[in-house]
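Undergrad: Build me a model from this:
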Amino acid sequence: MTADESTAADLDEDQIRVDLAAAFRLAARMDLHESVANHFSATVSPDGKRFLCNPRWRHFALVKASELLLLDADDPTTMDRPDAPDASAWCIHGAIHARIPTARAVLHCHPPYATAVCGLADPTIPPIDQATARFWGRTVYDMEISGPPDDPVEGTRVAEAMVGNTVMMMGNHGVTVVGETVAHAFEELYYLERACRNVVLALSSGRPLRVMDDALAASVVRMWSRFTDQGVAHFNEQKALLDLEDSSYRD
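TA: Numbering: from 1, shown residues only. I've put the predicted structure just below:
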């Protein structure tokens, strides 16, 4: 079996639909979303260009697996469809999936604490605990916003800035994370918001931060790199909690 055939065998569209729908429901429960804006997507083809995305203006708390849109990053007529996605979703997610095949899941939203940090003159996340240190030296800080997110030029620029990175703090905007699966991407988003919450709470004390030195921060990053399975387990546990209360996301 070739590498592409192996990848294709691992891409179970039905399961990806369920996982992505769960991510929307969980994001709503955790207050990571904003209004009926924000978008998550996940690829269902080996080249990454065929991907699922939420319907236009559908609230995250109501998303179901069956209603996720199947889009093609190479299809220029996408926005002419009767069920066309939100223009900003197409600009950002379409550009990222077209440019970065390894970005199997792309989660873009405006969580309150992370978005607040993105509005600071310096949005750098200082390593003051394990959650914040997770992002030390492995986060791109994109401060070059040049237009609204529904501008194709802005989508292309964001995609280029995302190359080689999995976490982006978007100045004056929000955050974008990517991962090899929906579970991995969601774990990044979960900890990113918690990290930013910790920073905001620490800064609100008015007292100086106790920032880790580079060696200690690097050791914590290495620790997190050994815990990738934890993210999968966490996501599965969260789905189990959803199933106990409302399994309609699977429909």
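Undergrad: tell me the phi and psi of His39?
TA: Main-chain torsions, His39, degrees, to the nearest 10: phi -150, psi 140.
Undergrad: from what I can see it touches Ile96, true?
TA: No: contact criterion C-beta atoms under 8 Å: His39 and Ile96 do not qualify, at 10.7 Å. Glycine gets a C-beta too; all of them are placed from N, C-alpha and C.
Undergrad: Have a look at the two and say which one is more surrounded.
TA: Neighbour count, other C-beta atoms under 10 Å: between His39 and Ile96, Ile96 has more, with 26 against 23.
Undergrad: Need the CA coordinates for stretch 31-43. PDB is fine.
TA: The C-alpha trace of stretch 31-43 is given here as PDB (Å, rounded to 0.1, in the frame of the first residue of the first chain):
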ATOM      1  CA  ASP A  31     -17.500  29.500  25.300                       C
ATOM      2  CA  LEU A  32     -14.800  29.400  22.600                       C
ATOM      3  CA  HIS A  33     -17.100  30.600  19.800                       C
ATOM      4  CA  GLU A  34     -18.700  34.000  18.900                       C
ATOM      5  CA  SER A  35     -22.300  34.500  17.700                       C
ATOM      6  CA  VAL A  36     -22.900  32.400  14.500                       C
ATOM      7  CA  ALA A  37     -19.500  33.400  13.200                       C
ATOM      8  CA  ASN A  38     -16.200  31.400  13.400                       C
ATOM      9  CA  HIS A  39     -15.400  28.200  11.500                       C
ATOM     10  CA  PHE A  40     -13.900  24.700  11.900                       C
ATOM     11  CA  SER A  41     -12.900  22.400   9.100                       C
ATOM     12  CA  ALA A  42     -11.400  19.000   8.500                       C
ATOM     13  CA  THR A  43     -10.000  17.300   5.400                       C
END
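Undergrad: which other helices and strands contact the biggest helix by length in the chain?
TA: The single longest helix within the chain, with elements called by DSSP state H, is helix 182-204. For helix 182-204, the contact count by 3 or more C-beta pairs under 8 Å, 6 or more residues apart in numbering; DSSP states H and E identifies helix 13-29, strand 105-109, helix 112-118, helix 130-133, strand 174-179, helix 228-245 as packing neighbours.
Undergrad: quick one: low-confidence parts of this protein?
TA: 1-10 (pLDDT under 70).
Undergrad: most centrally placed residue in it?
TA: Among the residues of the chain, the one closest to the centroid is Leu107, at 2.3 Å (C-alpha atoms, centre = their mean).
Undergrad: That's all I had, so thanks and see you.
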